[in-house]
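Peer 1: Got a predicted structure plus its sequence, pasted below:
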Amino acid sequence: MTIEYNEEQHNETRAGFVAIVGAPNAGKSTFLNTCIGEKVAIVSPKEQTTRFNIRAVLTEGQNQFIFVDTPGIHKARRMFDEAMVNTALEASINADVILFLVDIKRGFTDEVLEIIEHLKEVRRIKKVFAFNKADLVKDKKDILPKLEEVKEKYGDLFEDYMIISANKNQGTSDVLDTLAKHIPESPLLYSEDYLTDLPMKLIASEETREKAFYLLQNEIPYSMMVETLEYKVNPDDGSVRIEQVLLLEREAHKKIVVGNKGQMIKKIGMTARKALEEFLQVKVHLFLRVKVQPNWAQDNFYYKMFGLDKPKDSKFEDTNKKSHKRKRK
(Lines give C-alpha, C1' and ligand atoms only; values in the text may rest on other atoms or scores of the structure.)
Protein backbone atom coordinates (compact mmCIF):
# COMPACT_ATOMS: atom_id res chain seq x y z
CA MET A 1 0.00 0.00 0.00
CA THR A 2 1.48 3.38 -1.05
CA ILE A 3 1.03 6.23 1.42
CA GLU A 4 1.20 9.71 -0.10
CA TYR A 5 2.46 12.40 2.27
CA ASN A 6 0.25 15.47 2.38
CA GLU A 7 1.49 18.39 4.53
CA GLU A 8 -1.99 19.90 4.91
CA GLN A 9 -3.46 16.56 5.93
CA HIS A 10 -0.51 15.92 8.25
CA ASN A 11 -1.31 19.06 10.25
CA GLU A 12 -4.93 18.08 10.68
CA THR A 13 -4.93 14.34 11.32
CA ARG A 14 -3.53 11.90 13.83
CA ALA A 15 -2.79 8.22 13.28
CA GLY A 16 -1.08 5.69 15.48
CA PHE A 17 -0.88 2.19 16.86
CA VAL A 18 -2.72 1.32 20.06
CA ALA A 19 -1.74 -1.93 21.81
CA ILE A 20 -4.56 -3.32 23.95
CA VAL A 21 -2.91 -5.35 26.70
CA GLY A 22 -4.12 -7.13 29.79
CA ALA A 23 -4.48 -10.45 31.53
CA PRO A 24 -6.66 -13.15 29.95
CA ASN A 25 -10.38 -12.35 29.94
CA ALA A 26 -9.90 -8.65 30.71
CA GLY A 27 -12.25 -7.80 27.84
CA LYS A 28 -9.67 -6.74 25.26
CA SER A 29 -11.43 -8.32 22.28
CA THR A 30 -14.82 -7.03 23.42
CA PHE A 31 -13.40 -3.52 23.65
CA LEU A 32 -11.94 -3.81 20.14
CA ASN A 33 -15.16 -5.12 18.60
CA THR A 34 -17.24 -2.45 20.35
CA CYS A 35 -15.03 0.38 19.09
CA ILE A 36 -14.78 -0.94 15.55
CA GLY A 37 -18.49 -1.70 15.32
CA GLU A 38 -17.73 -5.02 13.65
CA LYS A 39 -16.57 -8.32 15.09
CA VAL A 40 -12.93 -8.81 14.18
CA ALA A 41 -11.78 -10.60 17.34
CA ILE A 42 -12.98 -13.81 18.96
CA VAL A 43 -14.96 -13.25 22.16
CA SER A 44 -15.37 -16.18 24.52
CA PRO A 45 -15.93 -16.87 28.22
CA LYS A 46 -12.80 -18.99 28.06
CA GLU A 47 -9.50 -17.38 28.88
CA GLN A 48 -6.58 -17.01 26.47
CA THR A 49 -8.69 -17.33 23.32
CA THR A 50 -6.90 -14.61 21.32
CA ARG A 51 -3.80 -16.28 19.89
CA PHE A 52 -2.23 -13.58 17.77
CA ASN A 53 -2.08 -9.82 17.38
CA ILE A 54 -5.31 -8.79 15.68
CA ARG A 55 -4.97 -5.51 13.82
CA ALA A 56 -8.11 -3.47 13.21
CA VAL A 57 -8.42 0.10 11.99
CA LEU A 58 -10.87 2.72 13.22
CA THR A 59 -11.02 6.11 11.50
CA GLU A 60 -13.09 8.56 13.48
CA GLY A 61 -13.06 12.16 12.34
CA GLN A 62 -9.46 13.30 12.07
CA ASN A 63 -8.16 10.42 14.15
CA GLN A 64 -7.14 6.97 12.96
CA PHE A 65 -6.48 4.24 15.52
CA ILE A 66 -4.69 1.08 14.44
CA PHE A 67 -5.66 -1.28 17.24
CA VAL A 68 -3.59 -4.33 18.08
CA ASP A 69 -5.56 -6.73 20.26
CA THR A 70 -2.93 -8.90 21.88
CA PRO A 71 -3.15 -12.38 23.43
CA GLY A 72 -3.73 -12.31 27.17
CA ILE A 73 -0.40 -12.12 28.99
CA HIS A 74 -0.32 -15.18 31.22
CA LYS A 75 2.00 -17.78 32.67
CA ALA A 76 3.00 -20.03 29.79
CA ARG A 77 2.40 -23.75 30.17
CA ARG A 78 3.91 -24.77 26.84
CA MET A 79 5.92 -23.33 23.96
CA PHE A 80 2.86 -22.13 22.03
CA ASP A 81 1.70 -20.14 25.09
CA GLU A 82 5.18 -18.68 25.37
CA ALA A 83 5.05 -17.53 21.75
CA MET A 84 1.67 -15.84 22.35
CA VAL A 85 2.96 -13.99 25.39
CA ASN A 86 6.09 -12.91 23.51
CA THR A 87 4.06 -11.49 20.63
CA ALA A 88 1.86 -9.55 23.08
CA LEU A 89 4.88 -8.05 24.83
CA GLU A 90 6.50 -7.17 21.51
CA ALA A 91 3.33 -5.38 20.38
CA SER A 92 3.32 -3.29 23.55
CA ILE A 93 6.84 -1.99 23.03
CA ASN A 94 6.21 -1.10 19.38
CA ALA A 95 2.99 0.87 19.89
CA ASP A 96 2.40 4.61 20.08
CA VAL A 97 0.17 4.20 23.11
CA ILE A 98 -0.76 1.27 25.36
CA LEU A 99 -4.27 0.71 26.67
CA PHE A 100 -4.06 -1.49 29.77
CA LEU A 101 -7.38 -3.13 30.63
CA VAL A 102 -7.99 -4.67 34.06
CA ASP A 103 -11.09 -6.65 35.01
CA ILE A 104 -12.40 -4.63 37.96
CA LYS A 105 -14.03 -7.71 39.49
CA ARG A 106 -10.82 -9.76 39.47
CA GLY A 107 -8.63 -6.85 40.41
CA PHE A 108 -4.85 -7.03 40.68
CA THR A 109 -4.08 -10.71 40.20
CA ASP A 110 -0.51 -11.99 39.92
CA GLU A 111 -0.81 -11.82 36.13
CA VAL A 112 -1.92 -8.17 36.27
CA LEU A 113 0.96 -7.29 38.60
CA GLU A 114 3.45 -8.99 36.25
CA ILE A 115 2.15 -6.93 33.32
CA ILE A 116 2.53 -3.75 35.36
CA GLU A 117 6.17 -4.63 36.01
CA HIS A 118 6.64 -5.00 32.26
CA LEU A 119 4.95 -1.66 31.62
CA LYS A 120 7.32 0.03 34.05
CA GLU A 121 10.15 -0.98 31.72
CA VAL A 122 8.42 0.51 28.68
CA ARG A 123 9.34 4.11 29.40
CA ARG A 124 8.92 6.00 26.13
CA ILE A 125 5.34 4.95 25.36
CA LYS A 126 2.27 6.65 26.80
CA LYS A 127 -0.03 4.37 28.78
CA VAL A 128 -3.72 4.55 29.67
CA PHE A 129 -5.24 2.50 32.49
CA ALA A 130 -8.87 1.38 32.36
CA PHE A 131 -10.90 -0.68 34.79
CA ASN A 132 -13.22 -2.74 32.59
CA LYS A 133 -16.49 -4.59 33.32
CA ALA A 134 -17.74 -1.88 35.67
CA ASP A 135 -21.30 -3.00 34.90
CA LEU A 136 -20.64 -6.20 36.87
CA VAL A 137 -19.90 -4.34 40.10
CA LYS A 138 -23.03 -4.49 42.25
CA ASP A 139 -22.21 -1.59 44.54
CA LYS A 140 -21.32 1.26 42.17
CA LYS A 141 -20.09 3.50 44.99
CA ASP A 142 -17.08 1.17 45.38
CA ILE A 143 -15.81 1.88 41.86
CA LEU A 144 -14.34 5.36 42.25
CA PRO A 145 -12.47 4.55 45.50
CA LYS A 146 -10.88 1.57 43.74
CA LEU A 147 -9.71 3.80 40.91
CA GLU A 148 -8.36 6.38 43.36
CA GLU A 149 -6.32 3.66 45.06
CA VAL A 150 -4.77 2.70 41.72
CA LYS A 151 -3.97 6.35 40.94
CA GLU A 152 -2.31 6.80 44.30
CA LYS A 153 -0.26 3.62 43.96
CA TYR A 154 0.95 3.99 40.38
CA GLY A 155 0.96 7.77 39.96
CA ASP A 156 2.47 8.84 36.66
CA LEU A 157 3.00 5.33 35.29
CA PHE A 158 -0.26 5.94 33.40
CA GLU A 159 -1.25 9.17 31.70
CA ASP A 160 -4.94 8.64 32.39
CA TYR A 161 -7.09 6.44 34.61
CA MET A 162 -10.56 5.45 33.41
CA ILE A 163 -13.58 3.26 34.16
CA ILE A 164 -15.47 1.52 31.34
CA SER A 165 -17.77 -1.31 30.41
CA ALA A 166 -16.81 -2.44 26.93
CA ASN A 167 -19.63 -4.97 26.79
CA LYS A 168 -22.21 -2.24 27.45
CA ASN A 169 -20.37 0.36 25.36
CA GLN A 170 -20.04 2.60 28.39
CA GLY A 171 -17.01 4.88 28.45
CA THR A 172 -15.50 3.57 25.22
CA SER A 173 -15.92 6.92 23.43
CA ASP A 174 -14.13 8.62 26.33
CA VAL A 175 -11.27 6.16 25.94
CA LEU A 176 -11.02 7.00 22.24
CA ASP A 177 -10.89 10.71 23.04
CA THR A 178 -8.11 10.02 25.54
CA LEU A 179 -6.14 7.81 23.17
CA ALA A 180 -6.41 10.49 20.46
CA LYS A 181 -4.34 12.82 22.64
CA HIS A 182 -1.46 10.34 22.64
CA ILE A 183 -1.25 9.19 19.02
CA PRO A 184 1.05 11.31 16.83
CA GLU A 185 0.14 13.85 14.21
CA SER A 186 0.32 11.98 10.93
CA PRO A 187 -1.38 11.43 7.61
CA LEU A 188 -3.92 8.62 7.72
CA LEU A 189 -2.05 5.34 7.32
CA TYR A 190 -5.01 3.43 5.88
CA SER A 191 -8.03 4.38 3.78
CA GLU A 192 -10.98 5.56 5.88
CA ASP A 193 -13.07 2.46 5.12
CA TYR A 194 -10.27 -0.02 5.91
CA LEU A 195 -11.23 -2.47 8.67
CA THR A 196 -8.65 -5.21 9.25
CA ASP A 197 -5.62 -6.86 7.70
CA LEU A 198 -6.70 -10.33 8.78
CA PRO A 199 -7.08 -12.78 5.87
CA MET A 200 -10.59 -14.14 5.43
CA LYS A 201 -9.44 -17.72 6.02
CA LEU A 202 -8.29 -16.73 9.48
CA ILE A 203 -11.45 -14.73 10.23
CA ALA A 204 -13.52 -17.77 9.23
CA SER A 205 -11.45 -20.02 11.50
CA GLU A 206 -11.87 -17.70 14.45
CA GLU A 207 -15.63 -17.43 13.90
CA THR A 208 -16.07 -21.20 14.06
CA ARG A 209 -13.73 -21.52 17.05
CA GLU A 210 -15.73 -18.92 18.96
CA LYS A 211 -19.02 -20.69 18.29
CA ALA A 212 -17.53 -24.03 19.34
CA PHE A 213 -16.35 -22.52 22.63
CA TYR A 214 -19.77 -21.08 23.39
CA LEU A 215 -21.56 -24.34 22.67
CA LEU A 216 -19.07 -26.65 24.39
CA GLN A 217 -18.47 -24.38 27.41
CA ASN A 218 -15.97 -26.04 29.78
CA GLU A 219 -15.99 -29.47 28.15
CA ILE A 220 -13.13 -28.64 25.77
CA PRO A 221 -9.90 -26.80 26.67
CA TYR A 222 -9.02 -23.58 24.88
CA SER A 223 -6.28 -25.44 23.00
CA MET A 224 -8.79 -26.54 20.34
CA MET A 225 -7.91 -25.00 17.00
CA VAL A 226 -9.87 -24.48 13.78
CA GLU A 227 -8.01 -24.48 10.48
CA THR A 228 -9.64 -23.29 7.26
CA LEU A 229 -8.46 -25.64 4.53
CA GLU A 230 -10.43 -24.01 1.74
CA TYR A 231 -12.06 -20.61 1.29
CA LYS A 232 -13.46 -20.35 -2.22
CA VAL A 233 -15.74 -17.67 -3.67
CA ASN A 234 -18.18 -18.72 -6.38
CA PRO A 235 -17.80 -16.14 -9.20
CA ASP A 236 -21.38 -16.76 -10.38
CA ASP A 237 -23.34 -15.84 -7.27
CA GLY A 238 -20.68 -14.63 -4.78
CA SER A 239 -21.38 -17.46 -2.34
CA VAL A 240 -18.48 -18.86 -0.36
CA ARG A 241 -17.48 -22.48 0.15
CA ILE A 242 -15.52 -23.02 3.37
CA GLU A 243 -13.94 -26.27 4.45
CA GLN A 244 -12.55 -26.45 7.98
CA VAL A 245 -11.04 -28.97 10.35
CA LEU A 246 -11.31 -28.76 14.13
CA LEU A 247 -8.03 -29.94 15.61
CA LEU A 248 -8.06 -31.50 19.06
CA GLU A 249 -5.24 -32.71 21.25
CA ARG A 250 -7.01 -35.72 22.78
CA GLU A 251 -9.12 -38.55 21.37
CA ALA A 252 -11.60 -38.20 24.25
CA HIS A 253 -12.43 -34.67 23.12
CA LYS A 254 -13.49 -35.86 19.67
CA LYS A 255 -16.60 -37.62 20.99
CA ILE A 256 -17.63 -34.46 22.82
CA VAL A 257 -17.18 -32.22 19.78
CA VAL A 258 -18.94 -34.62 17.42
CA GLY A 259 -21.70 -35.31 19.93
CA ASN A 260 -24.38 -37.98 19.96
CA LYS A 261 -25.09 -38.98 16.35
CA GLY A 262 -23.13 -35.94 15.19
CA GLN A 263 -25.55 -33.44 16.73
CA MET A 264 -22.94 -31.17 18.33
CA ILE A 265 -20.73 -30.73 15.26
CA LYS A 266 -23.90 -30.01 13.24
CA LYS A 267 -24.91 -27.36 15.77
CA ILE A 268 -21.44 -25.79 15.69
CA GLY A 269 -21.52 -25.74 11.90
CA MET A 270 -25.01 -24.24 11.70
CA THR A 271 -24.23 -21.50 14.25
CA ALA A 272 -20.89 -20.63 12.64
CA ARG A 273 -22.41 -20.60 9.15
CA LYS A 274 -25.13 -18.14 10.18
CA ALA A 275 -22.56 -15.86 11.80
CA LEU A 276 -20.33 -15.96 8.72
CA GLU A 277 -23.27 -15.20 6.43
CA GLU A 278 -24.16 -12.21 8.58
CA PHE A 279 -20.55 -10.97 8.48
CA LEU A 280 -19.97 -11.60 4.77
CA GLN A 281 -23.52 -10.78 3.60
CA VAL A 282 -23.43 -13.73 1.19
CA LYS A 283 -24.52 -17.37 1.20
CA VAL A 284 -21.98 -19.60 2.97
CA HIS A 285 -21.55 -23.35 2.50
CA LEU A 286 -19.61 -24.56 5.53
CA PHE A 287 -18.15 -28.06 5.85
CA LEU A 288 -16.60 -29.20 9.14
CA ARG A 289 -14.71 -32.28 10.21
CA VAL A 290 -12.90 -33.18 13.42
CA LYS A 291 -9.36 -34.49 13.71
CA VAL A 292 -7.17 -35.47 16.66
CA GLN A 293 -3.65 -34.11 16.26
CA PRO A 294 -1.95 -34.28 19.69
CA ASN A 295 1.01 -32.05 18.90
CA TRP A 296 -0.58 -29.45 16.63
CA ALA A 297 0.67 -26.64 18.88
CA GLN A 298 4.25 -27.68 18.16
CA ASP A 299 3.82 -27.60 14.39
CA ASN A 300 5.76 -24.82 12.63
CA PHE A 301 2.86 -24.37 10.21
CA TYR A 302 0.54 -23.07 12.92
CA TYR A 303 3.12 -20.65 14.27
CA LYS A 304 3.34 -19.15 10.79
CA MET A 305 -0.44 -19.21 10.41
CA PHE A 306 -0.88 -17.05 13.52
CA GLY A 307 2.13 -14.86 12.80
CA LEU A 308 3.98 -16.16 15.85
CA ASP A 309 7.69 -16.73 16.24
CA LYS A 310 8.67 -20.02 17.85
CA PRO A 311 10.82 -19.14 20.89
CA LYS A 312 14.47 -19.95 20.27
CA ASP A 313 15.47 -20.45 23.88
CA SER A 314 12.26 -21.92 25.23
CA LYS A 315 12.16 -23.81 28.51
CA PHE A 316 9.61 -26.13 26.90
CA GLU A 317 10.51 -29.13 24.79
CA ASP A 318 9.77 -28.95 21.06
CA THR A 319 8.04 -32.29 20.51
CA ASN A 320 7.40 -31.80 16.80
CA LYS A 321 10.20 -30.25 14.76
CA LYS A 322 8.82 -31.28 11.39
CA SER A 323 7.11 -28.62 9.31
CA HIS A 324 3.52 -28.99 8.12
CA LYS A 325 3.64 -30.28 4.56
CA ARG A 326 0.00 -31.04 3.73
CA LYS A 327 -1.16 -29.14 0.67
CA ARG A 328 -3.78 -26.45 1.17
CA LYS A 329 -6.06 -24.76 -1.30
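Peer 2: Sure, I can see it.
Peer 1: Give the helix, strand or coil label for Gln244.
Peer 2: Secondary structure state of Gln244, per DSSP: H, G, I helix; E, B strand; the rest coil, is strand.
Peer 1: so how far is His285 from it?
Peer 2: Distance of Gln244 to His285, given as C-beta to C-beta, to the nearest Å: 12 Å. C-beta: built from backbone N, CA, C; applies to glycine.
Peer 1: between those two, who's got more neighbours?
Peer 2: Remark: of Gln244 and His285, Gln244 carries more neighbours, 25 against 12, as counted by other C-beta atoms under 10 Å.
Peer 1: my guess is that one meets Ala204, correct?
Peer 2: Yes - contact criterion C-beta atoms under 8 Å: Gln244 and Ala204 qualify, at 7.1 Å.
Peer 1: can you list residues touching both of these two?
Peer 2: Counting by C-beta atoms under 8 Å, 6 or more residues apart in numbering, the shared contacts of Gln244 and Ala204 are Thr228.
Peer 1: thought Lys105 was touching Asn132?
Peer 2: No - using C-beta under 8 Å as the test, Lys105 is too far from Asn132 to be in contact (9.3 Å).
Peer 1: Have a look at these two and say which one is more surrounded.
Peer 2: Asn132 (27 against 12).
Peer 1: That one - nearest residue in space that isn't next to it in sequence?
Peer 2: Setting aside the residues directly before and after it, Asn132 is nearest to Gly27 in space (C-beta to C-beta, 6 or more residues apart in numbering), at 4.3 Å.
Peer 1: who does the helix or strand where His118 lies touch, helix- and strand-wise?
Peer 2: His118 is located in helix 110-121, with elements delineated by DSSP states H and E. Here helix 110-121 is seen to pack against helix 79-93, strand 97-103 when contacts are counted using 3 or more C-beta pairs under 8 Å, 6 or more residues apart in numbering; DSSP states H and E.
Peer 1: Among those, which one carries the weakest average confidence?
Peer 2: Ranked by mean pLDDT, these bottom out at helix 79-93, with a mean of 58.
Peer 1: show me where the protein has strands.
Peer 2: 14-21, 54-60, 63-69, 97-103, 126-132, 160-163, 225-233, 240-248, 284-292 (DSSP state E).
Peer 1: Now do the helix holding His118 against strand 126-132, angle only.
Peer 2: Using axes from the mean of the first three to the mean of the last three C-alpha atoms, to 10 degrees, the direction of helix 110-121 lies 160 degrees away from that of strand 126-132.
Peer 1: Tell me which residues of helix 110-121 come out buried.
Peer 2: Glu111, Val112, Ile115, Ile116, Leu119 (16 or more other C-beta atoms under 10 Å).
Peer 1: Using the record, which stretches count as separate domains in the protein?
Peer 2: 7-180, 200-294 (automatic domain parsing).
Peer 1: isn't Leu101 right next to Ile20, touching?
Peer 2: Yes - the criterion here is C-beta under 8 Å, and Leu101 meets it with Ile20 at 6.5 Å.
Peer 1: Between the two, which is the more surrounded one?
Peer 2: Counted by other C-beta under 10 Å, Leu101 and Ile20 do not tie: Ile20 has more neighbours, with 29 against 25.
Peer 1: Do me a favour and get the end-to-end distance for stretch 176-188?
Peer 2: 16 Å (C-alpha to C-alpha, to the nearest Å).
Peer 1: Quick check: pLDDT value at Gln170.
Peer 2: 95.
Peer 1: for Cys35, same thing?
Peer 2: Confidence score, pLDDT, at Cys35: 90.
Peer 1: What's the local residue count around it?
Peer 2: For Cys35, using other C-beta under 10 Å, the count is 22.
Peer 1: Ok, Lys211 next?
Peer 2: 23.
Peer 1: so it touches Ala275, yeah?
Peer 2: Yes - counting by C-beta under 8 Å, Lys211 touches Ala275, with 6.4 Å between them.
Peer 1: sorry, back to before: roughly how far does the residue nearest to Asn132 sit from Thr34?
Peer 2: For Gly27, the distance to Thr34 - C-beta to C-beta - is 9 Å.
Peer 1: list the residues that contact both of the two?
Peer 2: With C-beta under 8 Å, 6+ apart, Gly27 and Thr34 have common neighbours Ala166, Asn167.
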